[in-house]
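1. Need coordinates for the below:
(2 chains)
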There are 2 protein chains.
Amino acid sequence: MTHPTAAMLVIGDEILSGRTRDANMHHLAGELTAVGIALSEVRIVGDEAPVIVEAVRALAARYDTVFTSGGIGPTHDDITADCMAEAFGQSIDVRDDARAILQEHYDKAGTDLNAARLRMARIPARAALIDNPVSAAPGFTIENVHVMAGVPSVFRAMVESVIPTLTGGAPLISKTLTVFRGEGDIAGPLGALAQAHPELSMGSYPFQRDGRYGANIVVRGVVEAQVDMAIRALEAEFG
Amino acid sequence: MTHPTAAMLVIGDEILSGRTRDANMHHLAGELTAVGIALSEVRIVGDEAPVIVEAVRALAARYDTVFTSGGIGPTHDDITADCMAEAFGQSIDVRDDARAILQEHYDKAGTDLNAARLRMARIPARAALIDNPVSAAPGFTIENVHVMAGVPSVFRAMVESVIPTLTGGAPLISKTLTVFRGEGDIAGPLGALAQAHPELSMGSYPFQRDGRYGANIVVRGVVEAQVDMAIRALEAEFG
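-> Numbering: from 1, shown residues only, chains lettered A, B, ... in the order given. Got it, this is the predicted structure:
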């Protein structure tokens, strides 16, 4: 199965400190899977410029598309835009197109476009803006990296804008069979089936529920009939 | 603030596909923060050996301690132990000490220690076993990397075993002030306060709730009186 690949870079101390549980990664994973793009790696880093720069370079080189979330607001710890400019060797300053968007938004709201808010118009020179229908301040696309807000409502709106521009593969079909047996009993037959069907990807995810052991066996593939065949074979084995 | 640093490597396709929301990262972040260790980076990768090997090498070189979760069960997609052996140049095979633990566990349960289950006794040659009070199959520590199960109940039990062996820093004190103002109004005074107090770390995490904009301002530091002082200064500014 060859699918376009994607990675995500989550930027911000709040998730690493355990204060906040990330919701954007789970959302993006689902949206990408639906259009046949495989989310292949996620990195979560703090608000530290050298780490951010190195991470985005590594991910942009390895995967077809990269999504970042967080660090594009007006406060002193919002350093994502400057890091992206550095990572890709572009200059960065307040850009007229971004400033115009903010000016119109804050004029309507009767709010002052002060120095802090103007920071959100700092965009790398050759980046393309991503529309923010929720709170105006734009994201941007720089090379193969889509730079988006961390606030979940804004992140989702930006994902909606970006997804239709991506070239996906055939949507991946994923079906799950829950088996109340120990993984040690599942492993042999599952491994043999996986080996016999390299066109499918099979994973086993164990759990313990109400004192019983079990596993969710997930079969993924492009052709639904093949996935169904494998699920039926597993049902016959473990049903 | 110099604190020991830690990273986490989450191994498994199920989180990247959006099927499962990770719970272990959030748990580990909280446990580490409580003992004064900063979780500095998290990577989530799929069940692909070269990616796992490269990620663990990079994290082990950069951070004091690394925790991995996932991929140490009995099924064909459980390749973590072999990847760790490769990453650190150790041989790997079924080890007698690990086999004895499994044998005793399955004898008691009247379950056959079959070939698949015996895979869980494959441990790199110079690794130290980590106790698994939930389901017996051990984790292990190899160099500065603690290799643990992905099943949350087992992961938590292993974290409990490992944490007391780590040297932490002074526990980080973290306090949060919720301000119902736009971040653009918060940014100026917050930035000035952060600059005046390099001994503290301050972050602003915006939200939108019931149509109102606001932000959680988080102040972190080692000395509680300093953290309190900063929170009071912010309350005076925004209260």
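2. doesn't residue B:33 make contact with residue A:17?
-> Yes: in this structure, residue A:17 is within contact of residue B:33 by Cβ atoms under 8 Å, at 5.8 Å. No exception for glycine: its C-beta is placed from N, CA and C like everyone else's.
3. anything in contact with each of the two?
-> Contact with both residue A:17 and residue B:33 is made by residues B:39, B:174, according to Cβ atoms under 8 Å, 6 or more residues apart in numbering or on different chains.
4. contacting residues for residue A:136?
-> Residue A:136 neighbours (Cβ under 8 Å, 6+ apart): A:101, A:102, A:104, A:105, A:106.
5. with the residues you listed in mind, which one is nearest to residue B:177?
-> Proximity of the contacts of residue A:136 to residue B:177 was ranked by Cβ to Cβ; the top entry is residue A:106 with 24.4 Å.
6. that's a helix at that closest one, yeah?
-> Yes: checked against DSSP: H, G, I helix; E, B strand; the rest coil, residue A:106 lies within a helix.
7. those helices in chain A, which residues are they?
-> A:13-16, A:24-34, A:49-62, A:80-87, A:96-109, A:115-118, A:152-162, A:183-196, A:224-238 (DSSP state H).
8. Most tightly packed of those helices?
-> Among the helices of chain A, ranked by average contacts under mean count of other Cβ atoms under 10 Å in any protein chain shown, first place goes to helix A:13-16 (a mean of 25).
9. how does chain A divide into domains?
-> Using automatic domain parsing, the domain ranges for chain A come out as A:5-165, A:173-238.
10. quick one: low-confidence parts of chain A?
-> Regions of chain A meeting the criterion pLDDT under 70 cover residues A:1-2.
11. filter the contacts of residue A:136 down to the ones close to chain B.
-> Counting by Cβ under 8 Å from any Cβ of the partner chain, the subset of the contacts of residue A:136 that neighbours chain B is empty.
12. Out of those, which comes closest to chain B?
-> residue A:106 (8.1 Å; Cβ to the nearest Cβ).
13. ok, that closest one - contacts?
-> Residues near residue A:106 by Cβ under 8 Å, 6+ apart: A:112, A:113, A:117, A:136.
14. gap between it and residue B:189?
-> Residue A:106 sits 19 Å away from residue B:189, going by Cβ to Cβ, to the nearest Å.
15. Then residue A:221?
-> Taken as Cβ to Cβ, the span from residue A:221 to residue B:189 is 55 Å.
16. Next: residue A:195.
-> Distance from residue A:195 to residue B:189, by Cβ to Cβ: 62 Å.
17. Give the full set of residues in contact with the residue nearest to residue A:73 when sequence neighbours are not counted.
-> In this structure, residue A:73 finds its nearest non-sequential neighbour in residue B:183, 5.0 Å apart by Cβ to Cβ, 6 or more residues apart in numbering or on different chains. Residue B:183 is in contact with A:73, A:74, A:75, A:116, B:204, B:206, B:213, B:215, counting by Cβ under 8 Å, 6+ apart.
18. among those, which are in strands?
-> Using DSSP state E, the subset of the contacts of residue B:183 located in strands is B:204, B:206, B:213, B:215.
19. what's the burial count for the first one?
-> Using other Cβ atoms under 10 Å in any protein chain shown, the number of residues around residue B:204 comes to 23.
20. wait, doesn't it sit right on residue A:77?
-> Yes: counting by Cβ under 8 Å, residue B:204 touches residue A:77, with 6.5 Å between them.
21. Reformat the helices of chain A as TSV; add distance to residue B:147.
-> As requested, these are exported to TSV (distance: least, Cβ to Cβ, whole Å):
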stretch	distance to residue B:147
helix A:13-16	21
helix A:24-34	23
helix A:49-62	23
helix A:80-87	31
helix A:96-109	46
helix A:115-118	45
helix A:152-162	32
helix A:183-196	17
helix A:224-238	28
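22. Any part of stretch A:45-58 near chain B?
-> Yes: using Cβ under 8 Å from any Cβ, stretch A:45-58 comes into contact with chain B via A:45, A:46, A:47, A:51.
23. Excluding residues flanking it in the chain, which one is nearest residue A:195?
-> residue B:76 (7.5 Å).
24. Compute the number of surrounding residues for that neighbour.
-> So residue B:76, with other Cβ under 10 Å, has 19 neighbours.
25. how close does it get to residue A:86?
-> 42 Å.
26. With residue A:239 instead?
-> Separation of residue A:239 from residue A:86 (Cβ to Cβ) stands at 56 Å.
27. before we move on, what about residue A:44?
-> Residue A:44 sits 20 Å away from residue A:86, going by Cβ to Cβ.
28. With just CA atoms, put stretch A:186-195 into CSV.
-> Extracted in CSV, the C-alpha atoms of stretch A:186-195 (Å, rounded to 0.1, in the frame of the first residue of the first chain):
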residue,chain,number,x,y,z
ILE,A,186,-4.1,-14.7,19.1
ALA,A,187,-0.5,-14.1,18.0
GLY,A,188,0.1,-17.4,16.1
PRO,A,189,-2.9,-17.4,13.8
LEU,A,190,-2.8,-13.6,13.4
GLY,A,191,0.9,-13.6,12.4
ALA,A,192,0.3,-16.4,9.9
LEU,A,193,-2.6,-14.5,8.3
ALA,A,194,-0.6,-11.2,8.2
GLN,A,195,2.2,-13.0,6.5
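29. Residues contacting that stretch, please?
-> Stretch A:186-195 has contacts (Cβ under 8 Å, 6+ apart) with A:179, A:200-202, A:204, A:215, A:217, A:230, A:233-234, A:237-238, B:73-77, B:114-117, B:119.
30. can I get the CA coordinates of stretch A:19-37 in PDB?
-> Written as PDB, here are the backbone C-alpha positions of stretch A:19-37 (Å, rounded to 0.1, in the frame of the first residue of the first chain):
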ATOM      1  CA  ARG A  19      -1.800  20.300  32.000                       C
ATOM      2  CA  THR A  20      -3.700  19.700  28.700                       C
ATOM      3  CA  ARG A  21      -4.600  16.600  26.800                       C
ATOM      4  CA  ASP A  22      -4.000  17.100  23.100                       C
ATOM      5  CA  ALA A  23      -7.200  16.900  21.000                       C
ATOM      6  CA  ASN A  24      -5.800  18.100  17.700                       C
ATOM      7  CA  MET A  25      -3.700  15.100  16.900                       C
ATOM      8  CA  HIS A  26      -6.600  12.700  17.300                       C
ATOM      9  CA  HIS A  27      -8.700  15.000  15.000                       C
ATOM     10  CA  LEU A  28      -6.100  15.300  12.400                       C
ATOM     11  CA  ALA A  29      -5.400  11.500  12.400                       C
ATOM     12  CA  GLY A  30      -9.100  10.900  11.600                       C
ATOM     13  CA  GLU A  31      -9.300  13.500   8.900                       C
ATOM     14  CA  LEU A  32      -6.200  12.300   7.100                       C
ATOM     15  CA  THR A  33      -7.200   8.600   7.300                       C
ATOM     16  CA  ALA A  34     -10.500   9.500   5.700                       C
ATOM     17  CA  VAL A  35      -8.700  10.900   2.600                       C
ATOM     18  CA  GLY A  36      -6.200   8.100   2.300                       C
ATOM     19  CA  ILE A  37      -3.200   9.900   3.800                       C
END
